[in-house]
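K.L.:
Take this sequence and fold it.
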Amino acid sequence: MAADKPKPKGKADECGYADGVPDKDGVPDKKMKRLVYEAELHSLQVELVKLQEWIKHEGLRVAMLFEGRDAAGKGGTIKRFTEHLSPRVARVAALTTPSDREKTQWYFQRYVAHLPAAGEVVLFDRSWYNRAGVERVMGFCTEDQVWDFLRACPEFERMLIRSGIILVKYWFSVSDAEQERRFQARIKDPLRQWKLSPMDLQSRVRWVEYSQAKDEMFSYTDTKDSPWYVVNADNKRRARLSCIHHLLSLIPYEDVSPKVPKLPVLPAERGYVRPPIDSQTFVPQVF
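P.N.:
Modelled structure (predicted):
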């Protein structure tokens, strides 16, 4: 069998990766086979369920932030995190554009309302870091507001951590070439066209501005107390697995899953006669 052809080199992203390959390696990243990926994902999701039970048992509060380039795979990774978890324990916070009233509030105020209580995990699909990213690049805030955010954010996060919240920040890094490929795929797929917002299109035009904003934001907010964990996201399957594995390694947990219940035996019929089935309105069985 002929050797795989190297992928065309795109512009390296802000972490020095091109098409998902560290510069020091130089070997194209091979796509993980679906069966291998699904087996690994299942194993990790079983552990996530155990972690969920531990978080409930210990009353932990976990806040996870997912940030990064548009089309970097944040949403898909969040979906794999929550796929088999209880929505009463793990919930996603994906805030829309602030209302006129929210624009007059303390900047962090609307995010504080979504922070976890005891026994909860909140996954922020974008977060307060909008201020240092899209809002700054698109001119939705002033430079004074940006610098106020950069000064206040590390202390705000230290406050959260001191209060007992486990704060985990992930930055999904994707190369310019891979982002272009994903945008083109979305344009062709009617199920994903809704993902292409005007902001996404502008992110292509303002690639360098977003890089500069991200680098400056990291220089202020990548702290010892609350570090950024960068996920190389050019390969979606590897990125999802790596991110889940990393979270499991961050929070020590024990298996406190409840014992598997036994289904009770159905009781004997007691002479109850149910109404005729044709008295109910059924959905037409088209398929």
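K.L.:
Contact partners for Val256?
P.N.:
For Val256, the contact set (Cβ atoms under 8 Å, 6 or more residues apart in numbering) comprises Lys50, Glu53, Trp54, His57. C-beta coordinates here come from the backbone N, C-alpha and C atoms, glycine included.
K.L.:
let's see 7 Å
P.N.:
For Val256, the contacting residues are Glu53, Trp54, His57, by Cβ atoms under 7 Å, 6 or more residues apart in numbering.
K.L.:
And it, what's its pLDDT?
P.N.:
We note a pLDDT of 97 for Val256 in this prediction.
K.L.:
what about it, which SS state?
P.N.:
Following DSSP: H, G, I helix; E, B strand; the rest coil, Val256 is assigned to coil.
K.L.:
ok, now Lys262?
P.N.:
Counting by three-state DSSP, the backbone at Lys262 sits in coil.
K.L.:
what's the burial count for it?
P.N.:
6 (other Cβ atoms under 10 Å).
K.L.:
what pLDDT does it get?
P.N.:
pLDDT at Lys262 comes out at 91.
K.L.:
what's it sitting at in phi/psi?
P.N.:
Main-chain dihedrals, Lys262, degrees, to the nearest 10: phi -100, psi 130.
K.L.:
same check, this time on Ala72
P.N.:
The phi/psi pair for Ala72 (degrees, to the nearest 10) is phi -80, psi -10.
K.L.:
contacts for stretch 152-172?
P.N.:
Against stretch 152-172 from outside (Cβ under 7 Å, 6+ apart): 60-69, 72-74, 108, 115-116, 220-221, 223, 225-226, 228-231, 233, 239, 243, 247, 250-251.
K.L.:
To clarify, my last question referred to stretch 71-81.
P.N.:
41, 48, 66, 68, 92, 123, 125, 172-174, 179, 182-183, 200, 233, 236, 239-240, 243-244.
K.L.:
Would you mark the buried spots in it?
P.N.:
Under the neighbour-count criterion of 16 or more other Cβ atoms under 10 Å, stretch 71-81 has Ala71, Ala72, Gly73, Lys74, Gly75, Thr77, Ile78, Arg80, Phe81 buried.
K.L.:
and if you look at stretch 244-263?
P.N.:
Buried residues in stretch 244-263, defined by neighbour count with 16+ other Cβ under 10 Å: Ile244, Leu247, Tyr253.
K.L.:
need the contact list for the second one.
P.N.:
In other words, Leu247. With Cβ under 7 Å, 6+ apart, Leu247 has these contacts: Val168.
K.L.:
secondary structure class for it?
P.N.:
helix.
K.L.:
tally of neighbours for the closest residue in space to Ala93 that isn't next to it in sequence?
P.N.:
Distances taken as Cβ to Cβ, 6 or more residues apart in numbering put His114 closest to Ala93, at 4.1 Å, once the chain neighbours are dropped. Neighbour count of His114, defined by other Cβ under 10 Å: 15.
K.L.:
per-residue pLDDT, His114?
P.N.:
Note for His114: predicted pLDDT of 98.
K.L.:
those strands in this protein, which residues are they?
P.N.:
17-18, 21-22, 61-68, 90-93, 120-125, 165-173, 228-232 (DSSP state E).
K.L.:
okay, the angle between the fifth one and strand 61-68?
P.N.:
Read that as strand 120-125. 10 degrees (axes from the mean of the first three to the mean of the last three Cα atoms, to 10 degrees).
K.L.:
what sits up against strand 120-125?
P.N.:
Taking Cβ under 7 Å, 6+ apart as the rule, strand 120-125 contacts 55, 61-66, 74-75, 78, 81-82, 89-94, 114-116.
K.L.:
which of the residues you listed are buried?
P.N.:
Buried members of the contacts of strand 120-125, counted by 16+ other Cβ under 10 Å: 55, 61-66, 74-75, 78, 81-82, 89-90, 92-93, 115-116.
K.L.:
do you know how far the residue located most distally from the centre of the chain is from Pro264?
P.N.:
Among residues of the chain, the one most distant from the C-alpha centroid is Gly271; the distance is 53.1 Å, by Cα atoms, centre = their mean. Using Cβ to Cβ, to the nearest Å, Gly271 is found at 20 Å from Pro264.
K.L.:
do Pro87 as well
P.N.:
26 Å.
K.L.:
Same question for Leu51.
P.N.:
Applying Cβ to Cβ to Leu51 and Pro264 gives a distance of 30 Å.
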